[in-house]
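Visitor: My questions are about this predicted structure, shown below with the sequence.
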Amino acid sequence: MSDDKPVILTCAQPTGVLTMGNYLGAVKNWASMLDDHDCYFGVVDLHAITVQYTPAELRRNTLSCVAQYIACGLDPERASIFIQSHVTGHTELAWLLSCTTPIGELQRMTQFKEKAAKLGFKTSGENDVKFTHEGARAGASVNAGLLMYPVLMAADILLYNADKVPVGNDQRQHLELCRDIAQRFNNSHSPTFKIPEPYIPKSGARIMSLQEPSRKMSKSDENSTATLFILDQPDVLKKKIMSAVTDSGSEIRAAEDKPGVSNLLQIHSSLSGVPLDDLEAEFTGKGYGDLKRAVADVVISAMEPVGQRYKELIEDKSYLESVLKNGAATAQKRAYKMLAKVYRKAGFVERPR
Ligand code: TYM
């Protein structure tokens, strides 16, 4: 970790086992950036409590996410892996940034609207979003944390003055907002934050549900066969892939009118490195069953070592704790510097030493 390399900061929520979407759209890509960047990989436990959760599960999922990161190739010797709540500054900076962020900008965020909709709240309007409580689940409410979510995310990024933020396509809008927030702060005070660039992989940036390929693959899908989890057993992976929804016709090609087949080809291509064109050529004259079997083989052989390494890591709590101790120390050093700078620029009196 050195000062002259570009800084990347990125995170995932510890809300369960990572999916093939998280892996191909994000973590696999992060692992390829270790040598050329100063890397900060966070596990954002504070974001995870914006939806209903249980404390014991959060604790288990947070440590599990750290082990999954390492098992997927994020080498703690070449990156700072840390838990968001271990570093002072994320929530403090989020507060400062929230005081310059119009509520309307937050209400417009697609993920906010989707999460509110999941609770049964209907939203309407573009700039002044209205909520219809009628039909909402009993006892459900849209909490302020859910609305503030993207501000905390902006704080995660800006606290490290990151140059690039490698994410999947679904985070593009949050990144845009983060850039606006940074720009607004710089304009109101003086240049303080770098304007971070999204870094979205060419392949795998939007992996879709196996059952409804018009929707993204998600951890929280109610239909468990729709999502491939990186720690699924080989037979489970195979079963899910073999029952994936395909499209009408029998041709195997990546095209808009073939969302199911395109998704399977995309998963294969991202893991095997074989370009889509070559895969299409390879499967000419073959059936959907052949494609599914090939995808299952590629997925299983890529995930087998990940699963094995994970098993070792999750048993070794003291190693995980040492990774987190080092990660938090490096992250905190950078975060304190930035936080002090932000407070100074925003007119706060310096803390007595
Ligand atoms: P999260 O936990 O939902 O997802 C982690 C990463 O996985 C990517 N991803 C996908 N990529 C392709 N196809 C999919 N189906 C798919 N599903 C998820 C996401 O784009 C993400 O890169 N808000 C963030 C967490 C966050 C963050 C940050 C990210 C908090 N602070 C600061 C970057 C920088 C989130 O919920 O990710």
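Guide: Sure, I can see it. Residues are numbered from 1 along each chain as shown.

Visitor: Could I get the contacting residues of residue 167?
Guide: 10, 25, 26, 175, 198, 199, 200 (C-beta atoms under 8 Å, 6 or more residues apart in numbering). Just so you know, the C-beta spots here come from the backbone N, C-alpha and C atoms, and that holds for glycine as well.

Visitor: The same query, at a cut-off of 10 Å, please.
Guide: 10-12, 25-26, 29-30, 153, 157, 174-175, 198-201, 205 (C-beta atoms under 10 Å, 6 or more residues apart in numbering).

Visitor: ok, and which of those residues reach the ligand?
Guide: Within the set of these, contact with the ligand (C-beta under 6 Å from any ligand atom) is found for 10, 11, 12, 25, 26, 153, 157, 174, 205.

Visitor: Let's see if you can find the most crowded of those.
Guide: With neighbours taken as other C-beta atoms under 10 Å, the top of these is residue 157, carrying 29 neighbours.

Visitor: Flag every buried residue along the host helix or strand of it.
Guide: Residue 157 is part of helix 144-158 when elements are defined by DSSP states H and E. Within helix 144-158, the residues that count as buried by 16 or more other C-beta atoms under 10 Å are 146-158.

Visitor: With pLDDT added, can I get these in JSON lines?
Guide: Shown next, in JSON lines, are those (pLDDT from 0 to 100):
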{"residue": "146", "pLDDT": "95"}
{"residue": "147", "pLDDT": "95"}
{"residue": "148", "pLDDT": "97"}
{"residue": "149", "pLDDT": "98"}
{"residue": "150", "pLDDT": "98"}
{"residue": "151", "pLDDT": "98"}
{"residue": "152", "pLDDT": "98"}
{"residue": "153", "pLDDT": "98"}
{"residue": "154", "pLDDT": "98"}
{"residue": "155", "pLDDT": "99"}
{"residue": "156", "pLDDT": "99"}
{"residue": "157", "pLDDT": "98"}
{"residue": "158", "pLDDT": "98"}
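
Visitor: Would you convert the residues you listed into JSON lines that also reports distance to residue 242?
Guide: Formatted as JSON lines, the buried residues of helix 144-158 follow (distance: C-beta to C-beta, whole Å):
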{"residue": "146", "distance to residue 242": "37"}
{"residue": "147", "distance to residue 242": "41"}
{"residue": "148", "distance to residue 242": "42"}
{"residue": "149", "distance to residue 242": "36"}
{"residue": "150", "distance to residue 242": "38"}
{"residue": "151", "distance to residue 242": "43"}
{"residue": "152", "distance to residue 242": "40"}
{"residue": "153", "distance to residue 242": "37"}
{"residue": "154", "distance to residue 242": "42"}
{"residue": "155", "distance to residue 242": "43"}
{"residue": "156", "distance to residue 242": "39"}
{"residue": "157", "distance to residue 242": "40"}
{"residue": "158", "distance to residue 242": "45"}
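
Visitor: Among the contacts of residue 167, name the ones in helices.
Guide: Among the contacts of residue 167, DSSP state H puts 29, 30, 153, 157, 174, 175 in helices.

Visitor: so the third one makes contact with residue 177?
Guide: Yep, that's residue 153 we're talking about. Yes: counting by C-beta atoms under 10 Å, residue 177 is a contact partner of residue 153 at 8.3 Å.

Visitor: tell me which parts of the stretch 201-350 of the chain are close to the ligand?
Guide: For the stretch 201-350 of the chain, the residues in contact with the ligand (C-beta under 6 Å from any ligand atom) are 205, 206, 207, 216, 217.

Visitor: how many neighbours does the fourth one have?
Guide: Residue 216 has 18 neighbouring residues, counting by other C-beta under 10 Å.

Visitor: Return the member of the residues of the stretch 201-350 of the chain next to the ligand nearest to residue 59.
Guide: Among these, residue 217 lies closest to residue 59 (C-beta to C-beta), at 25.6 Å.

Visitor: Let me know the pLDDT of the closest one.
Guide: For residue 217, the pLDDT comes out at 98.

Visitor: For residue 105, which non-adjacent residue is closest in space?
Guide: In this structure, residue 105 finds its nearest non-sequential neighbour in residue 177, 6.4 Å apart by C-beta to C-beta, 6 or more residues apart in numbering.

Visitor: From residue 184, how far off is that neighbour?
Guide: The gap separating residue 177 from residue 184 is 10 Å, by C-beta to C-beta, to the nearest Å.

Visitor: Name the residues contacting each of those two.
Guide: Here residue 177 and residue 184 have residue 101 as joint contacts, going by C-beta under 10 Å, 6+ apart.

Visitor: More neighbours: which of these two?
Guide: Taking other C-beta under 10 Å, residue 177 and residue 184 do not tie; residue 177 has more neighbours (19 against 15).
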